[in-house]
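Undergrad: The following comprises the amino acid sequence and a computationally predicted model.
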Amino acid sequence: MSKLNLSFACGLYDRMLPLYTGDVRPEGIDLNYIVLDAPREIFDRLGARSEFDVAEMSCSEFVARTAMGKCDYVAIPVFASRMFRHGLVTVNKSAGIVKPKDLEGKRIGVPLYTMTAAIYIKGFLQHDYGVDLSKLYWVQGAINLAGGHGSPSIMPLVKSVPIEINQSGRTLGDLLEAGEIDAVMGTSLPAAIKGGSNVQRLFPDFRAVEKDYYKRTKIFPIMHLIAIRRSLHEQYPFIASSLYKAFCDAKNLSLAKMKTLVSLRYMLPWLADDLDEIDDVFGGDPWPYGVEANRETLEALVTYLHDQFITSEKMKVDDLFVGVLERH
């Protein structure tokens, strides 16, 4: 029986690399791995044209579209990208922001109010630090480029939020450096943070803060999941389980290679220490797949999406993913 030919758009991450090299092959599927290291491009092409059979997809956009019954994709609990975000909140030194509550009443730059990174940042600001999100004023635009952040097809908010589009012709980073906005949060640091500028992190000791956050909450923010074209899943239900197993095998192979210290696999001089920390904090696997191993993180996401007027009700985590035999 011939294999199904499926297009797969994703960044070339270490946990995905064996699928690209062919060291791991999903059963019954010939996966055409299309490397796109700009996630926003993938999301925009999914939103505009449902272009790929399988793809890395924004968690917030998937949930928002699913909640409105307007998603052409189903998801499996494989997480292409995840990242703690405390270290990506920056402030102008003159804005009087020394603690999270000081953000209230301020103008905050963000690439997209609805992007997953911003969802998690707003979530921990509200739930961990008591920040009243209704007292924040948003300026939306790219952090280090003039103009907008991609060409997203975003579902309308359930309730109006004060969002100003940056039409200054300057980047959010430039506006922050000049004091025309007070803070920036999102997926990258303003270029102005280097070289003795007026820009600094809100959490200078972000690694310790993020580690404490994880130990207390078990939340390791998930940015992107893996989505499968709904019509393909309905026609060939085996795709979900086959891909899930292959993604797990690829991730586990990559993790095993990373832990082999005969020679350093990555340009991280203290990788051995990082691996010890992974054992201490994450029990050896910092990147589990499956719903159960990530329930706290996923419950936080659906809570924040509802809190921030992106969904009209809090979605049930178990309804977001098609059935697979869970492994890590």
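TA: Structure received.

Undergrad: longest single helix anywhere in the protein?
TA: Taking DSSP state H as the criterion, the chain has its longest helix at helix 238-258.

Undergrad: Can you list the helices and strands that that helix packs against?
TA: Contacts defined by 3 or more Cβ pairs under 8 Å, 6 or more residues apart in numbering; DSSP states H and E place helix 238-258 against helix 17-21, strand 29-35, strand 73-82, strand 222-229, helix 230-235. The way it works is simple: take the backbone N, C-alpha and C, and place the C-beta from them, glycine included.

Undergrad: Give me the spatial nearest neighbour of the residue nearest in space to the middle of the chain, chain neighbours excluded.
TA: Centroid-nearest residue in the chain, with Cα atoms, centre = their mean: M223, separated by 1.6 Å. Of all residues not flanking M223 in the chain, S81 sits nearest, at 4.1 Å (Cβ to Cβ, 6 or more residues apart in numbering).

Undergrad: And the residue nearest to the centre of the chain, what's its pLDDT?
TA: Per-residue confidence (pLDDT) for M223: 98.

Undergrad: check contacts around it.
TA: Residues in contact with M223, defined by Cβ atoms under 8 Å, 6 or more residues apart in numbering, are P39, S58, C59, F79, A80, S81, R82, M83, T116, A117.

Undergrad: For it, give its distance to S312.
TA: 23 Å (Cβ to Cβ, to the nearest Å).

Undergrad: deepest of the helices and strands packed on helix 238-258, which one?
TA: Highest mean neighbour count of the helices and strands packed on helix 238-258: strand 222-229, a mean of 24 (counted as mean count of other Cβ atoms under 10 Å).

Undergrad: related to what we said a few turns ago, mind putting the helices and strands packed on helix 238-258 into CSV with distance to L46?
TA: What follows is the helices and strands packed on helix 238-258, written out as CSV (distance: least, Cβ to Cβ, whole Å):
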stretch, distance to L46
helix 17-21, 19
strand 29-35, 12
strand 73-82, 7
strand 222-229, 7
helix 230-235, 12
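
Undergrad: Which one of these lies nearest to L133?
TA: L133 lies closest to strand 222-229 among the helices and strands packed on helix 238-258, at 19.9 Å (Cβ to Cβ).

Undergrad: And what about the closest residue to I278 other than its chain neighbours, helix, strand or coil?
TA: In space, and not counting its chain neighbours, I278 is closest to P286: 5.1 Å by Cβ to Cβ, 6+ apart. Assigned with DSSP: H, G, I helix; E, B strand; the rest coil, P286 falls in the coil class.

Undergrad: do the same with V139
TA: Secondary structure, three-state DSSP: V139 is strand.

Undergrad: In contact with it, which residues?
TA: Neighbour list for V139: R107, I108, G109, V110, I163, E164, I165, N166, L172, L175, I181 [criterion: Cβ under 8 Å, 6+ apart].

Undergrad: and the fourth one, bridged to which residues?
TA: Partner residues in beta bridges with V110: Q140, with DSSP bridges as the criterion.
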